[in-house]
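Visitor: 3D, please:
(2 chains, ligands or ions: 1)
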Amino acid sequence: MELILTLKEDITVPVELDAILPEKIQDMSEEDIKNIEIPQGRARIKIGDIFDVELKDSEIPKMTVKNSSAKLKRIGEGMTTGEIVVEGDAGMHLGVEMKGGKIVVNGNADNWAGQGMKGGEIIIKGNAEDYLGSTYRGGYKGMSGGTLIVEGDAGHEIGEHMTNGVIHVKGSAKSLTGIHLSGGIIIIDGDVGDRIGGEMIKGAIVVKGKVGNVLPTFKFEGIVEDPVIKIRKKDEGVKVEGKFYKYSGDYCLTKPKGQLYISVDSNPDLRK
Amino acid sequence: MEYIIKNGIVFDPLNNIDGEKMDICVRDGVIVESVSNEAKEIDVSGCVVMPGGIDPHTHIAGPKVNTGRIMRPEDSYLDIYNKKGFKIGTGFSIPTTYKTGYEYSEMGYTTAFEAAMPPLKAKHVHEEFVDTPQVDKGALTLFGNNWIVMDYLKEGNYELCAAYVAWVLNASKGFAIKIVNPGGTEAWGWGKNVHGLDDPNPYFNITGREIVRGLTIVNEMLGLPHSVHVHPNDLGHPGNWKTTIETMDCAKDIEPKPKYGKRETIYHNAHLQFHSYGGTSWRDFESRGVEIAEHINKSNHITIDVGQITLDETTTMTADGPMEYDLHMSTGNKWANCDVELETGSGVVPFHYSPKGPVYSVQWAIGLDIFLNTDTDKVLLTTDHPNGGPFIRYSRIIAWLMSKKYRDYWLNEKVHKWAKARSSVGDCDKEYTMYEVAKISRANPAKALGLSLERGHLGVGAIADIAVYDIDPEEKDANTIEKAFRYAKYTFKNGKMVVKDGSVVKEVFGDTIHVNVKINEELEKELMKDLKERFKRDYTIQMDNYPVPNELARSWRSINIDATDIS
Ligand SMILES: [Zn+2]
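Guide: Residues are numbered from 1 along each chain as shown, chains lettered A, B, ... in the order given. Predicted coordinates:
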């Protein structure tokens, strides 16, 4: 079944949508779905109060949110299978703790998209904000699997405490990309801000554009061409094309195994 | 208000009652011989009845607990208490104060002692006690790294040291003398630690031995209800079991002389699990729990609490500053560090004791080795909450102790194989009886704390703190045991029904228990000369602002000690 939710009109008070997932609505009627209670601010409302609800046949469990708004939070939280398509923007906490399935956002996603993600795929066609693929505030176990693709730009501290999986930002990212990284791979096609990979202990970050700087606690390992990046020895590896300065770090920690690849062509003056 | 709790199977070790079917009568908050016809009758046929539980060592209030709460929003997110009519609370390993009180109450606990109160920060501890419902509480005041104590002990001036300890206990509204890593936390102020009992710290040049022995002498001069409460040096270091035994014995010739209560021991070893480590490194790390237990069994001056590891994701916090730094360095986890001027320090680090971790599994087994091999008159049930795990796991520990099958299931299926290979848990057939469970969670803590006159038992005159558990005394099914002890059928606090069927039904605020020690006037004058000078020279606050004001408790329960014989 495919559930199509169309936001009737723009909302100002945020709504949390974690109660509703493609996998949960398969045996429900339109009436059942309209009556699902969800929080809006400190009040509780029903799905039918703010959405038009429509059910269609579909081969896979699916949900489409039309006319979406950045005030719709927690879309796809804890999802394990199926597909969610968001027409418009998605609010904070998109696909939090997601284990499987696929989410496509045809607009921007607010902070904490893919927080604590364990598997599956999130594609954001617009921009993502801060803490993409991070851990819960204060936590130390971030994204641990799956793939996060952002076609636009991303904000600060993306991949914070990430332990596994892939984040690919096709635009640029801001400061502290991959802070506390302890596994997985982050690839930025554009530029990144300051302090990339601060306190990373494992995992890899690739930057094809310009970097703000490289922290003094990283060790230069030489220039590599078309490297195949492996986090563990037995990994198949991810091949990236181009010429990169390779660094290891962050040596503010003991025995770090983090890898940093910075494009030579985009940063000709980095080692001068 | 009168109650008669009828037909329960009563376990009350302090009165030698081992599973007798009897009625318990309650009037005006105390246990009485009989009640009138007006008494409300509660039939608890087939249920176990015990005195309210007493936690002798837990970290539930004060600056380091609150630092843990502030630095761990992710812990707050893990668990929510949200029941109509009660305060919402959050947190798994470091719950908010109200949630702490409610959960102790749900478990049938009625008294809890915060185990580390820096005198300078005592106000914060008592502020949080004001907001901790359901239980009577008290706090152990830290002395083991106090500059003034170290100076007096170094001079051998036990009289002035006793006068000072009394003054601080009164000022901080504390209950007993706590010693944490004696000398070592002060060394941490110099970026160092001490190793073993005879390693003098910088500047003061005093050893752990001198501090533990000195404060034990002072404790018995004052005649405090509780013995010294000691967290020895070298906590968490492989091979530390030798230091532990040396510390246990460094004052064993001193006689217990409590002026209140029936304590027969002079030394309490806190969270012994963390101090019973064999080996020389984490590679050859192994349990010395059995050896330590045997040592305790042949000594009659010691009580211990275990500090069982529950294999949870928790938060470590202690006045052992250098130990927390080591934890931070070995895990890379976030760390809070604090110095309390002239008195102590502390650290906080989150910690995940994964059952898959070889070392953590051995630590888990060491706690069980201690529980299973120590004379059950000397063991007190704790997890050193939240250091070894949250107190809500007491029911699971009881299930491990009562059911060999359950223990072996964890040993063989859930934890790393090191646990079996490097401890004796697998070889031990002991299963705790209901009577022994009542000992380690009620009778023993009451007696060791010196509070067995009025609590920890169900005799006439005792405070009517009562727990009723819906369980057959012979029950062996671990899930049933765990559930029964996690959610009491009834809890009575001061004769009021506060929990029914595992849920809090009434919010009450217990007393804050503290000692009020009277000192000879001449001696106090002499102390004041030194102390005024100290405050002027060393403290950043004035002496008049130091004591905990009277309004910082819902109700004080003062234990008056006359120590005017010291001169
Ligand atoms: Zn403790």
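
Visitor: can you name the residues that contact residue 95?
Guide: Reading this off chain A. A:Ile75, A:Gly76, A:Glu77, A:Met79, A:Ile103, A:Ala113, A:Gly114, A:Met117, A:Gly120, A:Ile122 (CB atoms under 8 Å, 6 or more residues apart in numbering or on different chains). Yep, even glycine has a C-beta here, placed from its N, CA and C like the rest.

Visitor: nope, chain B please
Guide: B:Asp79, B:Tyr81, B:Gly89, B:Glu103, B:Pro390.

Visitor: wasn't the fourth one part of a strand?
Guide: No. Membership of B:Glu103 in a strand is not supported by DSSP: H, G, I helix; E, B strand; the rest coil, which gives helix.

Visitor: neighbours of B:Gly191, how many?
Guide: 9 (other CB atoms under 10 Å in any protein chain shown).

Visitor: ditto for A:Asp10
Guide: Neighbours of A:Asp10 (other CB under 10 Å): 8.

Visitor: for A:Leu7, see how far away the closest residue to it other than its chain neighbours is.
Guide: In this structure, A:Asp10 finds its nearest non-sequential neighbour in A:Ser69, 6.1 Å apart by CB to CB, 6 or more residues apart in numbering or on different chains. Plainly put, A:Ser69 is 6 Å away from A:Leu7 if you go by CB to CB, to the nearest Å.

Visitor: could you pull out the helices for the stretch 51-200 of chain B?
Guide: B:63-71, B:73-76, B:97-106, B:122-130, B:147-155, B:158-172, B:184-188 (DSSP state H, counting those that start in this stretch).

Visitor: and these as JSON lines, adding mean neighbour count and distance to chain A?
Guide: Listed next are the helices of the stretch 51-200 of chain B as JSON lines, based on neighbours: other CB atoms under 10 Å in any protein chain shown; distance: least, CB to the nearest CB, whole Å:
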{"stretch": "helix B:63-71", "mean neighbour count": "21", "distance to chain A": "7"}
{"stretch": "helix B:73-76", "mean neighbour count": "20", "distance to chain A": "4"}
{"stretch": "helix B:97-106", "mean neighbour count": "25", "distance to chain A": "18"}
{"stretch": "helix B:122-130", "mean neighbour count": "22", "distance to chain A": "21"}
{"stretch": "helix B:147-155", "mean neighbour count": "20", "distance to chain A": "34"}
{"stretch": "helix B:158-172", "mean neighbour count": "23", "distance to chain A": "31"}
{"stretch": "helix B:184-188", "mean neighbour count": "28", "distance to chain A": "20"}
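
Visitor: could you dump those to TSV with mean pLDDT and distance to B:Leu372?
Guide: Formatted as TSV, these follow (pLDDT from 0 to 100; distance: least, CB to CB, whole Å):
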stretch	mean pLDDT	distance to B:Leu372
helix B:63-71	96	30
helix B:73-76	96	31
helix B:97-106	98	25
helix B:122-130	98	34
helix B:147-155	98	37
helix B:158-172	98	36
helix B:184-188	96	30
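
Visitor: which one of those helices lies closest to B:Ile559?
Guide: Closest to B:Ile559 of those is helix B:158-172 (CB to CB; 10.4 Å).

Visitor: elements contacting that closest one?
Guide: strand B:136-142, helix B:147-155, helix B:208-222, strand B:512-519, helix B:521-537 (3 or more CB pairs under 8 Å, 6 or more residues apart in numbering or on different chains; DSSP states H and E).

Visitor: can I get the contacts of A:Gly95 in CSV including secondary structure and distance to the ion?
Guide: Below are the contacts of A:Gly95 laid out as CSV (DSSP: H, G, I helix; E, B strand; the rest coil; distance: CB to the ion, whole Å):
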residue, secondary structure, distance to the ion
A:Ile75, coil, 43
A:Gly76, coil, 42
A:Glu77, coil, 37
A:Met79, coil, 41
A:Ile103, strand, 45
A:Ala113, coil, 40
A:Gly114, coil, 38
A:Met117, coil, 37
A:Gly120, coil, 42
A:Ile122, strand, 43
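
Visitor: so which of those residues comes closest to chain B?
Guide: A:Glu77 (13.1 Å; CB to the nearest CB).

Visitor: the closest one and A:Ala19 touch, don't they?
Guide: No. A:Glu77 is beyond contact range of A:Ala19, at 9.1 Å (criterion: CB atoms under 8 Å).

Visitor: higher neighbour count, those two?
Guide: Between A:Glu77 and A:Ala19, A:Glu77 has the larger neighbour count (other CB under 10 Å), namely 20 against 13.

Visitor: so how far is A:Gln40 from that one?
Guide: 16 Å.

Visitor: just B:Glu38 next, same as before
Guide: 52 Å.

Visitor: SS state for A:Gly165?
Guide: A:Gly165 - assigned by three-state DSSP - is strand.

Visitor: in which helix or strand would I find B:Tyr360?
Guide: Assigned by DSSP states H and E, B:Tyr360 falls within helix B:358-373.

Visitor: mean confidence (pLDDT) on that helix, please.
Guide: Helix B:358-373 shows a mean pLDDT of 98 in the predicted model.

Visitor: got the residues of the stretch 151-272 of chain A near chain B?
Guide: Contact residues (CB under 8 Å from any CB of the partner chain) of the stretch 151-272 of chain A with chain B: A:Glu199, A:Ile201, A:Leu253, A:Thr254.

Visitor: touching chain A at all, stretch B:346-356?
Guide: Yes. Contact of stretch B:346-356 with chain A (CB under 8 Å from any CB) involves B:Pro350.

Visitor: what is the least confident helix or strand in chain A?
Guide: Least confident helix or strand of chain A, by mean pLDDT, DSSP states H and E, is strand A:238-239 with a mean of 94.

Visitor: elements contacting the helix or strand following that strand?
Guide: Downstream of strand A:238-239, the next assigned helix or strand under DSSP H and E is strand A:243-249. Packed against strand A:243-249, as judged by 3+ CB pairs under 8 Å, 6+ apart, are the following elements: strand A:219-225, strand A:258-263.

Visitor: nearest to the ion, out of those strands?
Guide: Taking CB to the ion, strand A:258-263 is the member of the helices and strands packed on strand A:243-249 nearest to the ion, at 35.5 Å.

Visitor: got the buried residues for the closest one?
Guide: A:Gly258, A:Gln259, A:Leu260, A:Tyr261, A:Ile262, A:Ser263 (16 or more other CB atoms under 10 Å in any protein chain shown).

Visitor: B:Val125: what's it in contact with?
Guide: Contacts of B:Val125 by CB under 8 Å, 6+ apart are B:Ala61, B:Gly62, B:Pro63, B:Glu114, B:Met117, B:Ala139.

Visitor: pretty sure the last one sits against B:Met117.
Guide: It refers to B:Ala139. Yes. In terms of CB under 8 Å, B:Ala139 counts as a neighbour of B:Met117; the distance is 3.9 Å.

Visitor: overlap in contacts of those two?
Guide: B:Gly62, B:Val125, B:Ser172, B:Gly174.

Visitor: the residues you listed also near the ion: which ones?
Guide: Subset of these in contact with the ion: empty, counting by CB under 5 Å from the ion.
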